[in-house]
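Chemist: Based on what follows, work out the 3D shape:
(one chain, ligands or ions: 1)
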Amino acid sequence: MLQKYVGDGKMDLLIKNARIVGRKDPNDIGIEGERITKIGKVSGRAPKTIDAKGMLVSPAFIDTHIHLDKCMIGDDIRPNVSGTLQEAIEIIWEKKRKYTVADIVKRAGEVIELAALNGTTRMRTHADVDTIGGLTPIKGLLAVREKFKNIMDIQIVAFPQEGILRDPGTEELMRKAMELGADLVGGMPHHERPYSEARPHIDICFEIAKEFDADIDMHVDETDDPNSRSLEYLAEKTAKEGYQGRVTAGHTCALAAYPDDYAKEVIRKVKLANINMITNPVTNLVIQGRGDKQPIRRGITRVKELLAAGVNVTFGQDCVNDAFYPFGKADMLEVANISAHAAQLTMPDEIETVFEMMTTNAARTLGVLDDYGIAVGKRADLVIIDASSPKDAIRRQPDRRWVIKGGKIIAENTSNRKLKT
Ligand SMILES: [Zn+2]
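Modeler: Alright, predicted model coming up:
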């Protein structure tokens with residue numbers, strides 16, 4: 001656990017009248033350097049004081065699942081006519097061959113700046129690793145991480161978007177991506193053909209992860225097909241390899257298509273293996289269920305059942321204006337709103353949980369929980385929202401008036417909306 005920080009008593013930033021998430025009365029927050037040193041009724045002066053005027057102050061948001069290498073290509077590619085995952089993957093091939101580091105830095109930078117303005121200071125991004133784009137997406141995102149380090153902490157996942165066994169050469173590229181500086185090993189087992197290669201795919205991911213002592217974050221069963229059952233194997237493998245708590249599974253749409261008994265058993269194994277789950281309703285609401293007549297399935301994983309089982313669940317933006325998804329503005333309050341709709345999380349306690357999914361739960365997924373939150377000693381990554389409560393914030397997605405990262409104000413927003421009556 002983090003030691004309590006004892007500063008020299010000279011505050012650099014003081015936030016007055018903050019309605020801290022989870023606390024009743026307004027408090028002041030004193031910050032020295034990059035850390036919170038005081039909470040309560042704080043006297044004294046600081047070079048910079050913010051009067052939050054009772055606005056909601058939350059730990060800054062975390063986006064646990066995004067594809068920054070692909071973002072903002074949506075206006076340069078043909079539209080996804082079928083709306084499916086497969087067509088989206090194929091549309092990108094031509095574009096991906098022409099990616100350059102500079103082009104990725106420009107597009108990803110646009111989204112990172114938007115995300116920071118919207119109160120996000122940490123992200124986990126996937127970077128395609130395959131024989132089409134080679135190592136360009138990884139190199140691009142490594143450059144992005146360096147360029148924007150003052151406004152965003154970025155974890156990079158080496159992601160075999162085209163499969164590993166069906167795209168010979170990818171396994172070697174995955175190792176090179178890890179050597180270059182990727183943080184986590186990605187995967188996409190359900191994308192192998194024949195499907196029986198899904199298990200060897202997972203085995204290879206674990207081999208690479210162990211070689212680099214890296215954690216794992218895979219795209220798992222992103223399909224409506226109830227026969228896509230790699231999540232169960234991933235959970236078993238995680239336990240067998242002693243990787244509990246180090247593995248994340250994204251999407252897992254097929255879990256919703258499984259018979260209830262089997263789904264319950266898989267969730268039990270997921271919990272035992274302490275796998276972090278990421279649902280991406282923003283994309284999967286539009287990508288999945290495309291083959292259905294009515295009723296058209298929602299295509300998202302079993303969020304409520306996973307939460308009820310005590311599994312750590314978060315959600316991500318996933319895509320911003322690409323072949324998979326035409327919209328997105330890197331705003332976790334918008335993602336929270338859509339996720340609450342998709343997973344039917346509407347009771348007061350469920351709405352609080354939705355807020356936790358992009359804050360505390362997300363910090364747990366990224367492995368940064370020890371240094372996250374509003375408490376003395378923690379790094380001051382905060383967002384001051386012009387809202388009275390988490391529910392109010394998710395409902396209206398109002399201005400993020402100030403965004404603070406490591407004790408520094410990195411964004412200040414005001415929309416100045418006024419009715420002329
Ligand atoms: Zn994804």
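
Chemist: what's next to stretch 400-408, contact-wise?
Modeler: Surrounding stretch 400-408, the residues in contact under the criterion Cβ atoms under 8 Å, 6 or more residues apart in numbering are 12-13, 31-35, 50, 52, 55, 60, 116-119, 121, 150-152, 379-386, 409-414. Yep, even glycine has a C-beta here, placed from its N, CA and C like the rest.

Chemist: my bad, should have said stretch 352-366
Modeler: By Cβ under 8 Å, 6+ apart, the residues outside stretch 352-366 that reach it are 21, 58-59, 61-64, 122, 124, 155, 248, 276, 278, 307, 312-315, 332, 335-336, 339-340, 345, 369, 372-373, 390-391, 393-394.

Chemist: quick one: which of those residues sit in helices?
Modeler: Secondary structure defined by DSSP state H assigns 307, 332, 335, 336, 339, 340, 390, 391, 393, 394 of the contacts of stretch 352-366 to helices.

Chemist: got these as TSV, with distance to residue 363 columns?
Modeler: As requested, these are exported to TSV (distance: Cβ to Cβ, whole Å):
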residue	distance to residue 363
307	17
332	13
335	16
336	15
339	17
340	20
390	16
391	21
393	18
394	18
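
Chemist: Next one: residue 6, what pLDDT does it get?
Modeler: pLDDT recorded at residue 6 is 55.

Chemist: hang on, the earlier thing: Provide a PyMOL selection command restricted to the buried entries of the contacts of stretch 400-408.
Modeler: Those of the contacts of stretch 400-408 that count as buried under 16 or more other Cβ atoms under 10 Å are selected in PyMOL with:
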select buried, resi 12+13+31+32+33+34+35+50+52+55+60+116+117+118+119+121+151+152+379+380+381+382+383+384+385+386+410+411
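
Chemist: mind listing which of the contacts of stretch 400-408 are in strands?
Modeler: 13, 31-32, 35, 50, 121, 382-385, 409-412 (DSSP state E).

Chemist: I'd assumed residue 162 was in contact with residue 170.
Modeler: Yes: under the criterion of Cβ atoms under 8 Å, residue 170 is in contact with residue 162, at a separation of 6.8 Å.

Chemist: Could you check which of those two has the larger neighbour count?
Modeler: residue 170 (23 against 20; other Cβ atoms under 10 Å).

Chemist: Now do the phi/psi pair for that one.
Modeler: phi -70, psi -40 (degrees, to the nearest 10).

Chemist: how far away is it from residue 164?
Modeler: Note on residue 170: its distance to residue 164, by Cβ to Cβ, to the nearest Å, is 5 Å.

Chemist: And for residue 336?
Modeler: 33 Å.

Chemist: Those two: who's more crowded?
Modeler: For the pair residue 336 and residue 164, the greater number of neighbours falls to residue 164 (27 against 24), based on other Cβ under 10 Å.

Chemist: residues contacting residue 145?
Modeler: Taking Cβ under 8 Å, 6+ apart as the criterion, residue 145 is in contact with 154, 156.

Chemist: Please read the previous query as pertaining to residue 84.
Modeler: Counting by Cβ under 8 Å, 6+ apart, the residues that residue 84 touches are 287, 290.

Chemist: do residue 311 as well
Modeler: With contacts defined as Cβ under 8 Å, 6+ apart, residue 311 is in contact with 267, 270, 271, 275, 276, 277.

Chemist: Please convert those residues to JSON lines, extending it with pLDDT.
Modeler: JSON lines is the format used below for these (pLDDT from 0 to 100):
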{"residue": "267", "pLDDT": "98"}
{"residue": "270", "pLDDT": "98"}
{"residue": "271", "pLDDT": "98"}
{"residue": "275", "pLDDT": "98"}
{"residue": "276", "pLDDT": "98"}
{"residue": "277", "pLDDT": "98"}
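
Chemist: Can you report how many residues lie near residue 286?
Modeler: Residue 286 has 18 neighbouring residues, counting by other Cβ under 10 Å.

Chemist: which ones are touching it?
Modeler: Contacts of residue 286 were listed using Cβ under 8 Å, 6+ apart, and they are 83, 325.

Chemist: what do you get for residue 16?
Modeler: Residue 16 is in contact with 28, 42, 49, 50, 51, 52, counting by Cβ under 8 Å, 6+ apart.

Chemist: ok, the fourth one touching residue 12?
Modeler: Read that as residue 50. No: taking contact to mean Cβ under 8 Å, the distance of 11.9 Å between residue 50 and residue 12 leaves them out of contact.

Chemist: shared neighbours, these two?
Modeler: Taking Cβ under 8 Å, 6+ apart as the criterion, residue 50 and residue 12 do not both touch any residue.

Chemist: Would you mind listing the residues touching both of residue 170 and residue 162?
Modeler: What both residue 170 and residue 162 touch, as defined by Cβ under 8 Å, 6+ apart, is the set 130, 131.

Chemist: Mind naming the longest helix for the chain?
Modeler: Ranking each helix of the chain by length (DSSP H) puts helix 101-117 first.

Chemist: The closest residue to residue 292 other than its chain neighbours: neighbour count?
Modeler: With Cβ to Cβ, 6 or more residues apart in numbering as the criterion, residue 292 has its nearest non-adjacent residue at 7.5 Å, and that residue is residue 224. Using other Cβ under 10 Å, residue 224 has 21 other residues around it.

Chemist: now the one 4 residues further on
Modeler: As a burial measure, the neighbour count of residue 228 was computed by other Cβ under 10 Å and equals 22.

Chemist: Correct me if wrong: it contacts residue 221.
Modeler: Yes: taking Cβ under 8 Å as the definition, residue 228 is a contact partner of residue 221 at 4.4 Å.

Chemist: what's the overlap in contacts for the two?
Modeler: Overlap between the neighbourhoods of residue 228 and residue 221 consists of 190, 254, taking contacts as Cβ under 8 Å, 6+ apart.

Chemist: Might you list the low-confidence residue ranges for this structure?
Modeler: Within the chain, the segments meeting pLDDT under 70 span 1-8.

Chemist: So which residues of it form helices?
Modeler: Along the chain, the segments classed as helices by DSSP H run 85-97, 101-117, 136-147, 170-180, 198-212, 230-240, 260-272, 281-287, 303-308, 332-342, 348-357, 360-366, 390-396.

Chemist: So which of these is nearest residue 253?
Modeler: Nearest to residue 253, of all these, is helix 281-287, at 5.6 Å by Cβ to Cβ.
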